[in-house]
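J.: structure of the sequence below:
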Amino acid sequence: MKKQNVANISRRSFFKVTAGLAAASGITALPKNVHAAAPGSFATLIDLSLCDGCPDRGMPACVSACKAINKDKIPPISDPIPKPWPRDKMIEDWSKKKDVFNRLTPYNYIYVQKAEVDINGQKETIHIPRRCMHCDNPACATICPFSANHKMKNSAVVIDQDLCFGGAKCRTVCPWGIPQRQSGVGIYLHVLPDYMGNGVMYKCDLCHERLEAGRLPGCVEACPRKALLIGPREEIYALAEERVKQMNGFIYGKTENGGTATLYVSPVSFDLIDQSLKKKPGEPDMKVRIERRMAKSDNRGRAVLAAPVIGMAAGAVGALKWLSDRKEKTAGGDSDNG
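T.: Below you'll find the predicted structure:
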C-alpha cells in the first residue's frame, strides 16, 4: 500500500515539475495555490511590550525551540556545490554556519532583533522576534515559477523543498527579504544543476505540520513571557486592537503588504523602531504602510530557466526519480528531512 501511495505522490510531483519547467520557458501559465485569509485560519500576535530577548539565556527561547524542531530539515549539501550560470550568480552556503542565530539564515527561521529607541529622552531597547509574516495574499506564492510556495488554509506560507529550485524570486518580492537560500541542495541538482536553479529557499513555515496535528508552533510554545500567541484570526486581530488601546500603542502587519497573519503590537511607533534598526541581509526592516508588491518578470532569469523541450523532458525524468526516491524513504520512515 505504501508503494502505491508513493507512486501516486511521485506522479503528482512529476506533473508539477514538468508544468513548472514549461512555465519557466514561457510555454504555459501555472495555477497558484493561494488561500487568502481563509475561514478557520490562524494569526499570531507578537507583543513587543512583553518580549525581553531572554537575557538569562544564551539564545532566546523562541530561536532555540525553532532550531531544535528544524535541525534536520535540510538534507546533506552537494560537495562540491555546482557553480551556477551566469557566473556572477552567488552561491549561498550556510551549511558550515548552522549555529548563527542573530539573523535569518536557511538554518535559522526566527531571530530577535533589537532596536535602541529614544523615549522621552531615555534610551530603551525594544526586542522584536522576526520571521515570516505569512501574508494574506503572498506575492512569493504567486510568483514562484515552479509552484513550490503555497499559502495554506491555516495561514502558513510554506515552501516545498522538494519542488523549489532556489531562484529566489520569493525573496525579491518579499518586502522584508525573508526567504534565505541554501545552495547545493534540492531538485535542481537532478535536472540542470549548472543552468537551472541554485538550491532551495528556506523560511519559517509557522510549524505547519505541528498546527495540522493540533500543536502550537515551537516559538509560541517556548516563549517564557507569552509574548507570542496564536489563535483563530478573528480573535487574534481583536486581541491586538484591545492591547493597542490599553497601551496607547501601535500595530504592525494589519495592512502591510496587503495584510498578514502576523500582528505586532508595541508601545513605541514602528516608524521610530524602523529608524533605529540596522538594515542588513537577513535582518529585515520594519517599514510601515507597505503596499503589496509584485516583481516584474526578470528577463535574465527567464533566459536562465528556459531550456529546450527535450532537455526539460530529460531533466524531468531525473527529477521524477529523485522525488520517487525521497518519497520511498519518507514512506519507509527514513526521511532525510528528519
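J.: quick check: closest non-adjacent residue to residue 269.
T.: Counting by Cβ to Cβ, 6 or more residues apart in numbering, the nearest residue to residue 269 once its immediate chain neighbours are dropped is residue 250, at 5.1 Å. Where you see a C-beta, it was placed from the backbone N, CA and C, and this is true even at glycine.
J.: residues contacting that neighbour?
T.: Contacts of residue 250 were listed using Cβ atoms under 8 Å, 6 or more residues apart in numbering, and they are 244, 265-270.
J.: burial measure for the closest residue to residue 281 other than its chain neighbours, as a count.
T.: Across the structure, with Cβ to Cβ, 6+ apart as the measure, the residue nearest residue 281 apart from its sequence neighbours is residue 177 (7.1 Å). Neighbourhood size, residue 177 [other Cβ atoms under 10 Å]: 18.
J.: residue 160 too?
T.: Other residues within reach of residue 160, judged by other Cβ under 10 Å, total 18.
J.: what sits against it?
T.: Counting by Cβ under 8 Å, 6+ apart, the residues that residue 160 touches are 148-150.
J.: quick revisit: for the residue nearest to residue 269, give its distance to residue 223.
T.: According to Cβ to Cβ, to the nearest Å, residue 250 and residue 223 sit 21 Å apart.
J.: and residue 53, by the same measure?
T.: Summarising the geometry, the distance separating residue 53 from residue 223, computed by Cβ to Cβ, is 11 Å.
J.: check residue 213 too.
T.: As defined by Cβ to Cβ, residue 213 lies at a distance of 20 Å from residue 223.
J.: compare these two (neighbour count), which wins?
T.: residue 223 (22 against 8).
J.: how about low-confidence regions in the chain?
T.: Low-confidence segments of the chain, defined by pLDDT under 70, are located at 1-39, 293-338.
J.: hey, where'd the helices end up in it?
T.: Remark: helices of the chain, listed N- to C-terminal, are 2-24, 61-70, 139-143, 169-173, 208-212, 218-222, 233-247, 270-276, 299-305, 309-331; assignment by DSSP state H.
J.: hey, C-alpha coordinates of the fifth one in CSV?
T.: This means helix 208-212. Output of helix 208-212 as CSV, limited to C-alpha atoms (Å, rounded to 0.1, in the frame of the first residue of the first chain):
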residue,chain,number,x,y,z
HIS,A,208,2.6,24.0,9.6
GLU,A,209,2.8,20.3,10.4
ARG,A,210,2.5,20.9,14.2
LEU,A,211,-0.5,23.1,13.6
GLU,A,212,-2.1,20.4,11.5
